[in-house]
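**Q** From the sequence below, what's the structure:
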Amino acid sequence: MITFFDVPSKLHGTIAWSPINWRISNFPTEWVEYPDIEAFSKKHGIAPTGKKPDGSPLYTFPAIYDDATGVYLADSVPIAQYLDKTYPDTPVVVPAGTEA
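**A** Sure, this is the predicted structure:
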């Protein structure tokens, strides 16, 4: 089972707003408050998704955990690519030939 991690939005309530949400909408979502993303990511071995202006690691969501493979992963594009590669018999997120 895949668990989806996202930040609750005051605008959207507890509805994940990530573009990959439609692909994993039947999986549980765990809400992580924005200030807790870095600690959560480090605890689970999720790689930084970028760098802050001062050069320190930046951790962002969304993220997933796939208990079938033991993989934790963050950022929409890598998650979409992972889902397409790991679960080819499910609806495709990034159609072949459209990768940037």
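
**Q** Name the residue closest to the centre of this protein, please.
**A** residue 63 (2.4 Å; CA atoms, centre = their mean).

**Q** Quick check, that one in contact with residue 2.
**A** No. Contact criterion CB atoms under 8 Å: residue 63 and residue 2 do not qualify, at 10.7 Å. C-beta coordinates here come from the backbone N, C-alpha and C atoms, glycine included.

**Q** hey, where'd the strands end up in this structure?
**A** 2-6, 29-31, 50-51, 57-58, 63-66, 71-74 (DSSP state E).

**Q** Mean pLDDT added to those, as CSV?
**A** Converted to CSV, the strands of the chain look like this (pLDDT from 0 to 100):
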stretch, mean pLDDT
strand 2-6, 90
strand 29-31, 88
strand 50-51, 96
strand 57-58, 97
strand 63-66, 94
strand 71-74, 96
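
**Q** Which one of those lies nearest to residue 90?
**A** strand 2-6 (10.6 Å; CB to CB).

**Q** name the helices or strands packed onto the closest one?
**A** Here strand 2-6 touches strand 29-31, strand 63-66, going by 3 or more CB pairs under 8 Å, 6 or more residues apart in numbering; DSSP states H and E.

**Q** Buried ones in stretch 29-46, by neighbour count?
**A** 29, 32, 37, 38, 40, 41, 46 (16 or more other CB atoms under 10 Å).

**Q** Find the pair from these with maximum spatial separation.
**A** Once CB to CB is applied, the buried residues of stretch 29-46 give 29 and 38 as the farthest pair, at 19.5 Å.

**Q** Going by neighbour count, list what's buried in the biggest helix by length in the chain.
**A** Determined from DSSP state H, the single longest helix within the chain is helix 76-86. Buried residues in helix 76-86, counting neighbours by 16+ other CB under 10 Å, are found at 76, 79, 80, 82, 83, 84.

**Q** With that, I have no additional questions.
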